[in-house]
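J.: The following comprises the amino acid sequence and a computationally predicted model.
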Amino acid sequence: MGGALSRAWKTARWRRLEEPLVVAAAVGCLLAVALLPLIVLAAELLAHNALAQIKSTLGVARMWTLLAETIGLALTVTALALVIGVPLGLLLGRTDIAGRRVALVVHAFPLFLPPFLVALGWFHLFGQQAPLGSEVTSRLLFSPLGVVVTLGLVFSPVVTGLTMVGLHGIDPSLEEAGRGVARQSRVTLRILLPLASPAISFAALIVFALSISEIGVPMFLRVRSYSAAVFTRLGGLDYSPGEAFALVLPLLAIALLMLLVERRFMGRRSFASLGMRSNQQRTIALNRARFPLSMAVWVLCGASIAPLIALVVKARAGGFSALGRWVGASLTNSVMVALVAASLITVVGIIIGLRLARGKRGSALLDGMALLSFMTPAAVLGVGLVETWNRPATQFIYATAAILVVGLVARYAAIGVRTMAAVASRSSASYDEAAAVFGGGFLRRMGRIFLPMHAQGIIAAWLLALVFCLRDLETVVIFYPPGGETLPVRIFALEANGPEEVVSALAVLHVGLTAAVLAFGGLLLRKTRWK
Amino acid sequence: MSAAITLEDVTFCYGKTTIIEGLSLKAQAGDVLSLLGPSGSGKSTLLRIIMGFLAPSRGVVRVRGQVASEAGRVIMPPEERNLAVVFQNLALWPHLTVEGNLAFGLRSKRVPDAEAAKRIAQVLEDVGLAGTHMCYPAQLSGGEQQRVAIARALVLQPDAVLLDEPLSNLDIGLREDLLHLFSKLFREYQTTALCVTHDPWEARELGGRVIMLDEGHVVSTGSLDELDPAHENPFVRLVCRHLAR
């Protein structure tokens, strides 16, 4: 009897510890990978020598002009992405556009690729020697306009997707109330889009953050950018780590400003559902406008994949046969690192995202931390990670593929947290509460209720994290260890002076890998659908 | 014998707003209590405090005589209180069958499989759902889902069942049937029941004591038939008029 009581007491005690222990592990992981580098970086910037360096580096007007140009470029990319993404989100999400599901997949696909691969495709279409190219097209491509169009097209699916999410979260009764007194177009402009605006604004912020971090496209198209200037001081011809430290300061300020904007104007509203009937939305019939609008959507989708077709055509001229010799270990590195990082991001995302969705204490702070790490330009995060982990005691991390995992988790943890928060917020808290009342400890509740109930959302979060890890160049290019280069890094390194056909073949390999991952994910999602 | 649930001078504040102020009540084993009040009177908040999802700002919550929560602190987590809940949206886990929904709590409490199967079969028969073990909630009608929810609560043989406006989404005929079923089940299972509702008729049909809340205060306790039509509280007067029709 005494033994049984003691066992029961121990079990109860362990159950009470389950949740704090698991949460502490997730928070610890997030702090170590995302916050620590920024703290170390800030401390370094405040050090005596660094202050002098900041004075000399940032005292030059040229750097401020470059920063202004880069911000202008990122703002223009954001504007273009909004111009493309908001109408597309509305058309693909709510109307009867012909083949809208396929159109969405085609339109969104380039987002899951490193943007410089798309730029490479455009080069094989509009470069001076390309089939559709001339001196004029080449000049336009290798200009800020080329960067804006390339990145605008690549990043617009972020806006499309989040516009769709925002529209999907609106209770149909809010729309029906408007339809009783106004035409669909007015209801769309005055009710639907304003209600979806937190999600659209969040999308704009993401596009801006991705654009300002981007180094691959500006470097390939020979357009000067501030982030590229930081990168070249760490791994390029202008090697000067001291200057790099100084240069990250304005970028850090921009990241903090973005976080402030997000906290002030969006916060939880960017993933919250407005009501419980969002699965009963009706499709808006376009009637006579259906044909011309469908054509316009498909032309835009065609533009999204035209560069990828150009890559395939180029690679067919002998590139594929030489692939084996050039790919090295980069493919395996990419897959392994992305798998581990995406899984970690998902686990952290589940634990923190669930707390965020339920409004638990401290969760908004953790979300803000993950978001800051995502919005911080990759070059800044990279410098912070180098400074944090490049020490004798941590070489087992810094000199191995582990640093890539750390970097990717730091940069993309926000994707896991936000996606899981969105997933969890779509179901009532009473499901979790019922499980708690009916005696389930934290791990049992997660294993038997939360995970199976949200299996689809969790797989989607994992897939999203996986493709973002696979496509990453700007974070890992700063600190990849010897022999640890990923596929995008390999392609980027060869882009300048490797054989064009081989570089195209490597790019097509990346495209194929991404397509395979997404197709596998699609199958997995279909299999996990419950009645 | 200690009361199933005791609240001693419980106050709950959300920011600067006081939702519940100085509320005390005692539910003895086998009692059926209705918490009746208008929207925003703090009824659901009170249930969440009793369940252990919220800590009172002041006062003490006791379950079986033990301190479960006290000012700002949840001492006994929800899973250790041996309470069961029927939520307003029922919260039947959609990925589990009826049997899976009922077995979840039994497995958490390590009830042996044979005993669990026996209890599930018995309670499903009691609520009139024998033979639905393998159905998913989505395959059942609204009334059947309601029965599963009460079965899920009773199968655990809890010290008290808490009901958070469980019938608010049903038509009048179904509500009447289910109210009679609930009353019968509470008697048969000798369970303490605490039902939150904003409907005086529902509170009267359920029987037992009615505690009326308004703006976080208890404004009346006892039988609805003994209410004073000239009571100083406007909600109590409204209830009297409603019942007199």
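T.: Thanks, I have the structure now. Numbering: from 1, shown residues only, chains lettered A, B, ... in the order given.
J.: which secondary structure elements does the helix or strand hosting A:Gly324 contact?
T.: Assessed by DSSP states H and E, A:Gly324 sits inside helix A:323-327. Helices and strands touching helix A:323-327, as assessed by 3 or more CB pairs under 8 Å, 6 or more residues apart in numbering or on different chains; DSSP states H and E, comprise helix A:487-495, helix A:500-527. C-betas here are computed from N, CA, C, even on glycine.
J.: Please identify the most buried of those.
T.: For those, the largest average neighbour count (mean count of other CB atoms under 10 Å in any protein chain shown) is found in helix A:487-495, namely a mean of 22.
J.: Return the helix or strand in chain B with minimum mean pLDDT.
T.: Of all helical and strand segments in chain B, the minimum by mean pLDDT, DSSP states H and E falls on helix B:234-244, at a mean of 83.
J.: in the chain, which ranges drop under the pLDDT threshold?
T.: Since no chain was named, I'll use chain A. A:1-10, A:48-50, A:181, A:234-241, A:266-281, A:529-531 (pLDDT under 70).
J.: Let me rephrase: I mean chain B.
T.: B:1.
J.: mind listing the strands for it?
T.: B:5-14, B:17-27, B:32-36, B:58-63, B:66-70, B:73-74, B:83-86, B:160-164, B:192-197, B:209-214, B:217-222 (DSSP state E).
J.: Please point out which parts of the least confident helix or strand of chain B sit buried.
T.: For helix B:234-244, a neighbour-count test (16 or more other CB atoms under 10 Å in any protein chain shown) marks B:235-236, B:239-240 as buried.
J.: As a markdown table, the residues you listed with distance to chain A would be great.
T.: Converted to a markdown table, the buried residues of helix B:234-244 look like this (distance: CB to the nearest CB, whole Å):
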| residue | distance to chain A |
| --- | --- |
| B:Phe235 | 26 |
| B:Val236 | 30 |
| B:Val239 | 27 |
| B:Cys240 | 33 |
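J.: want to throw those into CSV with distance to A:Tyr431?
T.: Below are the buried residues of helix B:234-244 laid out as CSV (distance: CB to CB, whole Å):
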residue, distance to A:Tyr431
B:Phe235, 32
B:Val236, 36
B:Val239, 33
B:Cys240, 38
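J.: A:Arg224 touches A:Thr65, doesn't it?
T.: No: counting by CB atoms under 8 Å, A:Arg224 sits too far from A:Thr65 to count as a contact (9.4 Å).
J.: Would you mind telling me which of these two has the busier surroundings?
T.: A:Arg224 (15 against 12; other CB atoms under 10 Å in any protein chain shown).
J.: what secondary structure does the more buried one sit in?
T.: For A:Arg224, the assignment made with DSSP: H, G, I helix; E, B strand; the rest coil gives coil.
J.: ok, now how distant is it from A:Arg62?
T.: 10 Å (CB to CB, to the nearest Å).
J.: Residue numbers of chain B in contact with chain A?
T.: B:51, B:53, B:77-81, B:83-85, B:87-89, B:91, B:93-96, B:104-105, B:108-109, B:136, B:138-139, B:152, B:156 (CB under 8 Å from any CB of the partner chain).
J.: Pull out the buried residues from the residues you listed.
T.: Buried among the residues of chain B next to chain A by 16+ other CB under 10 Å: B:51, B:53, B:77-81, B:83-85, B:87-89, B:91, B:93, B:95-96, B:104-105, B:108, B:136, B:152, B:156.
J.: tally of neighbours for A:Lys55?
T.: 10.
J.: Make sure it is indeed in a strand.
T.: No: secondary structure of A:Lys55 (three-state DSSP): helix, not part of a strand.
J.: Could you check how far it is from chain B?
T.: 46 Å (CB to the nearest CB, to the nearest Å).
J.: For stretch A:118-129, buried residues please.
T.: Quick answer for stretch A:118-129 (16+ other CB under 10 Å): A:118-127.
J.: Could you pull up the contacting residues of B:Ser183?
T.: B:32, B:205-207 (CB atoms under 8 Å, 6 or more residues apart in numbering or on different chains).
J.: Chain B contacts on chain A?
T.: So chain A meets chain B at A:12, A:15-16, A:428, A:430-431, A:433-441, A:444, A:448-449, A:452-453, A:455, A:530-531 (CB under 8 Å from any CB).
J.: can you pull the contacts of the residue nearest the centre of chain A?
T.: Geometric centre of chain A, nearest residue: A:Phe468, 5.5 Å, by CA atoms, centre = their mean. By CB under 8 Å, 6+ apart, the contact list for A:Phe468 reads A:112, A:412, A:415.
J.: How far does stretch B:179-198 stretch from one end to the other?
T.: Taking CA to CA, to the nearest Å, stretch B:179-198 runs 15 Å from one end to the other.
J.: Other residues contacting the host helix or strand of A:Val102?
T.: Using DSSP H and E, A:Val102 sits in helix A:100-108. With contact meaning CB under 8 Å, 6+ apart, helix A:100-108 is reached by A:88, A:91-92, A:97, A:156-157, A:160-161, A:297-298, A:300-302, A:304-305.
J.: Nearest to chain B among the residues you listed?
T.: A:Gly161 (25.4 Å; CB to the nearest CB).
J.: where does the closest one land in three-state SS?
T.: helix.
J.: can you count the residues close to it?
T.: 23.
J.: likewise A:Thr232?
T.: Considering only other CB under 10 Å, A:Thr232 is surrounded by 18 other residues.
J.: go on, A:Val158?
T.: 21.
J.: Looks to me like it is in a helix.
T.: Yes: applying three-state DSSP, one finds A:Val158 inside a helix.
J.: give the contact list for it.
T.: A:81, A:85, A:111, A:203, A:206-207, A:210.
J.: Pipe these into CSV and attach neighbour count and secondary structure per row.
T.: Listed next are those as CSV, based on neighbours: other CB atoms under 10 Å in any protein chain shown; DSSP: H, G, I helix; E, B strand; the rest coil:
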residue, neighbour count, secondary structure
A:Ala81, 28, helix
A:Gly85, 28, helix
A:Leu111, 22, helix
A:Ala203, 29, helix
A:Ile206, 26, helix
A:Val207, 28, helix
A:Leu210, 25, helix
